[in-house]
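K.L.:
Sequence plus the predicted model coming up.
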Amino acid sequence: MNHLGTQTLETERLILRKAKTSDAEKMFENWTGDPEVTKYLTWNRHQGIEDSKAYIHYLQENYSQPDFYQWIIEFKDNGEPIGNISVGRVLENIRCVHIGYCIGRKWWHQGITSEAFARVIRFLFDQVGVNRIEARHDVANPHSGGVMIKCGLIREGILRQAGLNTSGVCDMAVYSILKRDWEDTDRQSNSSAIQTFTK
């Protein structure tokens with residue numbers, strides 16, 4: 001794979017970027033300090049802004065690694081950080097990556113996470129040379145699966161008692177998308193857009 005590290009990416013509403021020290025207060029306020037946001041995640045909620053500062057420091061120390069992908073999700077219109085999306089695991093031998101994400105409760109059900117995820121998918125397939133992107137969620141958190149489906153991932157099955165998060169041991173639903181799946185969907189979308197334009 002052609003690892004490029006955490007590059008700045010843009011969508012219609014969002015900028016995906018590296019974390020800044022100045023993000024700590026909003027990060028804690030918007031998502032890392034919220035027990036509802038971290039309910040099904042693998043890390044405990046931050047107890048204060050100092051925890052968020054320490055997390056940012058960890059990110060900044062690792063951004064120089066070419067296979068380190070950790071984005072802050074920021075609104076273009078006001079520059080407010082509202083969540084994060086990342087590559088949690090890289091399997092070089094099969095060109096596979098695992099994606100994780102979370103977003104502040106205030107912005108749930110607005111298509112923001114799927115907008116960010118779709119942009120990351122394009123970057124990983126187009127520029128990094130990934131062949132398989134996978135994601136998992138606690139079966140008790142179906143809304144996370146909705147994001148995956150919206151981004152074209154296919155549900156592959158349930159891994160029983162295979163996950164551990166802040167709610168305990170859990171069953172994990174596994175989803176994936178292959179580059180060929182994404183290319184087929186992308187071609188179909190472009191074809192539909194052309195047909196609509198020419199009518």
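P.N.:
Cool, got the structure.
K.L.:
what's in contact with the strand or helix carrying Y175?
P.N.:
In the assignment (DSSP states H and E), Y175 maps to strand 168-178. Contacts with strand 168-178, where a contact means CB atoms under 8 Å, 6 or more residues apart in numbering, come from 40, 121, 131-140, 145, 148-149, 151-164. Where C-beta positions appear, they are placed from N, C-alpha and C, glycine not excepted.
K.L.:
How about stretch 140-158?
P.N.:
Residues from elsewhere that reach stretch 140-158 (CB under 8 Å, 6+ apart): 39-40, 101, 108-109, 111, 113-114, 117-118, 121, 133-135, 137-139, 167, 170-177, 181-182, 185.
K.L.:
Which among those residues count as buried?
P.N.:
Among these, those that count as buried by neighbour count (16 or more other CB atoms under 10 Å) are 40, 101, 113-114, 117-118, 121, 133-135, 137-139, 170, 172-177, 181-182.
K.L.:
Spit out the contact partners of the residue nearest the centre of the chain.
P.N.:
Geometric centre of the chain, nearest residue: I85, 3.2 Å, by CA atoms, centre = their mean. Residues near I85 by CB under 8 Å, 6+ apart: L16, W71, I73, I99, G100, Y101, T113, A116, F117, V120.
K.L.:
now those in TSV, with pLDDT and secondary structure?
P.N.:
Converted to TSV, these look like this (pLDDT from 0 to 100; DSSP: H, G, I helix; E, B strand; the rest coil):
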residue	pLDDT	secondary structure
L16	98	strand
W71	98	strand
I73	98	strand
I99	98	strand
G100	96	strand
Y101	97	strand
T113	96	helix
A116	98	helix
F117	98	helix
V120	98	helix
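K.L.:
And the residues you listed, which two are furthest apart?
P.N.:
Spanning the widest gap among the contacts of I85 are L16 and G100, at 13.9 Å by CB to CB.
K.L.:
picking up where we left off before, among the contacts of strand 168-178, which ones are buried?
P.N.:
Taking 16+ other CB under 10 Å as the criterion, what is buried in the contacts of strand 168-178 is 40, 121, 132-139, 145, 148, 151-153, 163.
K.L.:
Which of the residues you listed fall within helices?
P.N.:
Taking DSSP state H as the definition of helices, those contribute I121, G145, M148.
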